[in-house]
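Peer 1: Model the structure of this input:
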Amino acid sequence: MSVETEDNLKETVIRAMKNLEHSKDCQVKNCAIQGCSEMKTITEHMRRCKEQEDKSCGICKTVRFYLYKHANGCTVEGCKVVMCLNIRSKLAARKADAARTSAAAAAAKSSQTALSS
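Peer 2: Sure thing, here's the model as predicted:
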């Protein structure tokens, strides 16, 4: 990926994250903030999408990327960004599972080393 393409992608992600975070609290029907109305429409789509279960919806896949990116860095208790708290708990469970797996592998390696000595 070229530097220019990578920079464009970063800008797109930053802009989408700002729109996502702004739209969660925005009550203005025709908000003048660029991207707000579109983000509201997209998050409403995610709430109603029937294809989300089998992960076949392209819109939901794209938005899920931004939601995971948001949730990964979010520390706001009671965050109102759609699915944030749910995703954060999933990420924490994955991290805990990875830590347990790593600890078990280290223990097995340690006992293996002790047996061969």
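Peer 1: Tell me the buried residues in the top helix by length along the chain?
Peer 2: Looking only at the chain and at elements set by DSSP state H, the helix with the highest residue count is helix 84-116. In terms of neighbour count (16 or more other CB atoms under 10 Å), helix 84-116 has its buried residues at 84, 85, 87, 88. (Each C-beta comes from the backbone N, C-alpha and C, glycine too.)
Peer 1: and if you look at stretch 44-61?
Peer 2: Residues of stretch 44-61 classed as buried by neighbour count (16+ other CB under 10 Å): 46, 52, 57, 60.
Peer 1: For these, work out which two are farthest apart.
Peer 2: Spatial extent of those (CB to CB) is set by the pair 46 and 57 at 8.5 Å.
Peer 1: would you turn the buried residues of stretch 44-61 into TSV with secondary structure, distance to residue 17 and pLDDT?
Peer 2: Shown next, in TSV, are these (DSSP: H, G, I helix; E, B strand; the rest coil; distance: CB to CB, whole Å; pLDDT from 0 to 100):
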residue	secondary structure	distance to residue 17	pLDDT
46	helix	16	82
52	coil	21	70
57	coil	21	88
60	helix	17	85
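Peer 1: okay, the residues you listed in JSON lines with distance to residue 11 next?
Peer 2: Output for those, formatted as JSON lines (distance: CB to CB, whole Å):
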{"residue": "46", "distance to residue 11": "23"}
{"residue": "52", "distance to residue 11": "27"}
{"residue": "57", "distance to residue 11": "25"}
{"residue": "60", "distance to residue 11": "23"}
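Peer 1: Tell me the one of these nearest residue 76?
Peer 2: Nearest to residue 76 among the buried residues of stretch 44-61, counting by CB to CB, is residue 46 at 19.5 Å.
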